[in-house]
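K.L.:
Model the following, please.
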Amino acid sequence: MTTFTSFLSLTLCLVFLSHVCFAQLEQQQRLSWLGQDQQQQQQRPRLRARTECNIDRLTAQEPNRRFESEAGVTEFWERNDELECAGVEAFRKTIHPGGLSLPYYTNAPQLIYIGTVIPGCAETYETELQGGRGQEGSGRRFLDRHQKVRRFQQGDILALPAGVAHWSYNDGEEPIVSVSLVDTSNHANQLDENFRKFFLAGNPQRGQQSYGKTEQQRQHGQQGRQEGQQGQGHRGQQGSRGQGQQQQSGNIFSGFDEETLADAFNVDVETARNLQGQNDERGTIVRAEKFQVIKPQREQEEEAAAEEEEEGRGRYNGLEETFCTMRLVHNIGNPSRADVFNPRGGRISHVNSQKLPILNFLQLSAERGVLYKNAIKAPLWNTNAHNVIYIIRGSGRIQVVGNRGKSVFDDQVREGQLIVVPQNFAVVKKAGNEGLDWVGFRTNDNALSSQLAGRLSAIRALPEEVLMNSYDISREEARNLKFNREETTVFSPRSKN
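P.N.:
I've put the predicted structure just below:
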């Protein structure tokens, strides 16, 4: 099993990868970002959960469903009450060196660290061979045309709208681990709240394409009906085989007729069969021995992004933009770009729609936190979002308290675990001896929080008289409560006398 240490990545999605490429595909689809549309976007609510939230007790879990592929592993967190209440799904993907994660898209927005394929964008990159037979005597021949391929590095977070196909390739020498959050309650998902993957290639194992509680119930129901049909004659056998084929799954081409595919692509039937991948046993992450595509250097992309931020400072330009030209990535792993830094406590970095405008459309945001040994992140509550926390490295203690003043979680957390903190529940994190490093996915593009302690806290904003009468304490004690902690968000460890 891969050791999840220094190579982690995330997909709103946070993903820490050393060398990952991402490509954009398909036809042009425009999205208006005019002020009126922005306002409507922000007012559009998330889908309501289909069941009541059972949040009297939270849990920190590791992924419990594992799918092996030729060149990697995909792991899913089973959708428990907390994930269902938050309306999200999560999975982790490991890509070995030389591994290619086959292209797919989902029915809901993601935050991720990988490459993407944008529906409807023109192929703007060309692989050229001089001296070949060209067009109109140009003396050159284009071997391939494809959309832009981008590199990602540790600390990048990638925002993917629903229906955006993407692939990723590891051209480094170490495994890449990515963690993805899929917002199935987002307004962009007009299906039910099951997480669905639509693969464009390969022959994915059953269970990788759709998951959720209602999906589990459907599969159990199908299994029961299938067993009930045994021994009922030819018609019953046909129905059983048909359901078995449906459960066996495949990529989106496998459901089409071979002749129709051959006509659509203007290729022979054998090539159409290869598209369907029915006999492909490699899984969804395959070994790509020959993989050469044109891609810009990381430095060029950083320079372009810096120019964009300098000119626009993250604001909308009032003109219509498209997915093809939108900036999809923002780095929250670089310590020099931290929003909050305490040299004795740690740092916090955020990405929201002010920094990455496409998050306004996805209605998601993220936080990266690093706490040093025994440091504390101020106790707080998120006013307008759930927070799905993934522990990247280290260990520590997390406490969560609900509206009845009852602790719903108080335990040690470690690398690889996931915990959901519901909206308005108070939470505090304290690092252990090895420190604590995490990423948090939030279900609002401008997630807000209110601290309970520190220089920016709700307690400090209250008059001394309110504190004295509320807690039955003296004025001196009230002043100590307000002013003894001058730090803002990240607290250094207390010195012990």
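
K.L.:
Wait, a helix at Thr260?
P.N.:
Yes. Residue state for Thr260 (DSSP: H, G, I helix; E, B strand; the rest coil) corresponds to a helix.

K.L.:
so who does it touch?
P.N.:
By CB atoms under 8 Å, 6 or more residues apart in numbering, no residues touch Thr260. All C-beta atoms are positioned from the backbone trio N, CA, C, and that covers glycine.

K.L.:
Tell me how far it lies from Val267.
P.N.:
12 Å (CB to CB, to the nearest Å).

K.L.:
next one: Pro204
P.N.:
23 Å.

K.L.:
These two: which is more packed in?
P.N.:
Using other CB atoms under 10 Å, the more surrounded residue of Pro204 and Val267 is Pro204, with 24 against 13.

K.L.:
Excluding chain neighbours, what is closest to that one?
P.N.:
Thr284 (5.0 Å; CB to CB, 6 or more residues apart in numbering).

K.L.:
Just to check, that neighbour is in contact with Phe67?
P.N.:
Yes. If you go by CB atoms under 8 Å, Thr284 and Phe67 touch, sitting 7.4 Å apart.

K.L.:
re earlier: for the residue nearest to Pro204, give me the pLDDT.
P.N.:
Thr284 carries a pLDDT value of 91.

K.L.:
How about the one 5 residues further on?
P.N.:
Here, the pLDDT recorded for Glu289 equals 79.

K.L.:
Could you do the one 5 residues further on as well?
P.N.:
According to the model's per-residue confidence, Ile294 sits at a pLDDT of 54.

K.L.:
the more surrounded of Thr284 and Phe67?
P.N.:
Neighbour totals were compared for Thr284 and Phe67, and Thr284 leads with 28 against 19 (other CB under 10 Å).

K.L.:
Please report how far the residue nearest to Pro204 lies from Ile176.
P.N.:
On the measure of CB to CB, Thr284 and Ile176 end up 15 Å apart.

K.L.:
what's the answer for Asp280, then?
P.N.:
22 Å.

K.L.:
How about Arg414?
P.N.:
From Arg414 to Ile176 the distance is 21 Å (CB to CB).

K.L.:
Likewise for Ala447?
P.N.:
Ala447 sits 27 Å away from Ile176, going by CB to CB.

K.L.:
In terms of neighbours, single out the busier of these two.
P.N.:
Comparing Ala447 with Ile176 by other CB under 10 Å, the one with more neighbours is Ile176, at 31 against 22.

K.L.:
sec struct for Leu356, please.
P.N.:
Under the three-state scheme (three-state DSSP), Leu356 adopts coil.

K.L.:
Next, the contact list for Asp445, please.
P.N.:
Taking CB under 8 Å, 6+ apart, we find Asp445 in contact with 42, 352-353, 359-360, 362-365.

K.L.:
how about 10 Å then?
P.N.:
41-42, 159, 351-354, 356-365, 384-385 (CB atoms under 10 Å, 6 or more residues apart in numbering).

K.L.:
what helix or strand is it on?
P.N.:
Asp445 is part of no helix or strand when elements are defined by DSSP states H and E.

K.L.:
pLDDT score for it?
P.N.:
For Asp445, the pLDDT comes out at 95.

K.L.:
Could you do the one 4 residues further on as well?
P.N.:
What the model reports for Ser449 is a pLDDT of 94.

K.L.:
Quick check: bridge partners of it?
P.N.:
Per DSSP bridges, the residues bridged to Ser449 are Asn382.

K.L.:
Low-confidence regions, the protein specifically.
P.N.:
The model of the chain has pLDDT under 70 over residues 1-52, 113-150, 206-248, 293-325, 496-497.

K.L.:
So which residues of it form helices?
P.N.:
Applying DSSP state H to the chain gives helices spanning 35-43, 81-86, 213-229, 233-248, 258-265, 269-276, 298-312, 358-362, 458-461, 464-471, 475-483.

K.L.:
Can you name the residues that contact Asn342?
P.N.:
Here Asn342 is in contact with 348, 371-372, 375, 487-492 (criterion: CB under 10 Å, 6+ apart).

K.L.:
And the furthest pair within those residues?
P.N.:
Checked with CB to CB, these reach their widest spread between Tyr372 and Thr488, with 15.6 Å between them.

K.L.:
what number of residues lie near the closest residue to Val340 other than its chain neighbours?
P.N.:
Distances taken as CB to CB, 6+ apart place Ile348 nearest to Val340, at 4.2 Å, with adjacent residues excluded. Ile348 has 22 neighbours, counted by other CB under 10 Å.

K.L.:
Beta-bridge partners for Ile348, please?
P.N.:
Assessed by DSSP bridges, Ile348 has beta-bridge partners Val340, Gly369.

K.L.:
my guess is it meets Ala366, correct?
P.N.:
No. Look at Ile348 against Ala366 with CB atoms under 10 Å: they stay out of range, at 11.4 Å.

K.L.:
Look up the residues that both of these two are in contact with.
P.N.:
Counting by CB under 10 Å, 6+ apart, the contacts common to Ile348 and Ala366 are 332, 440.

K.L.:
In this structure Gln399 contacts Lys429, no?
P.N.:
Yes. In this structure Gln399 lies within contact range of Lys429 using CB under 10 Å: 8.3 Å.
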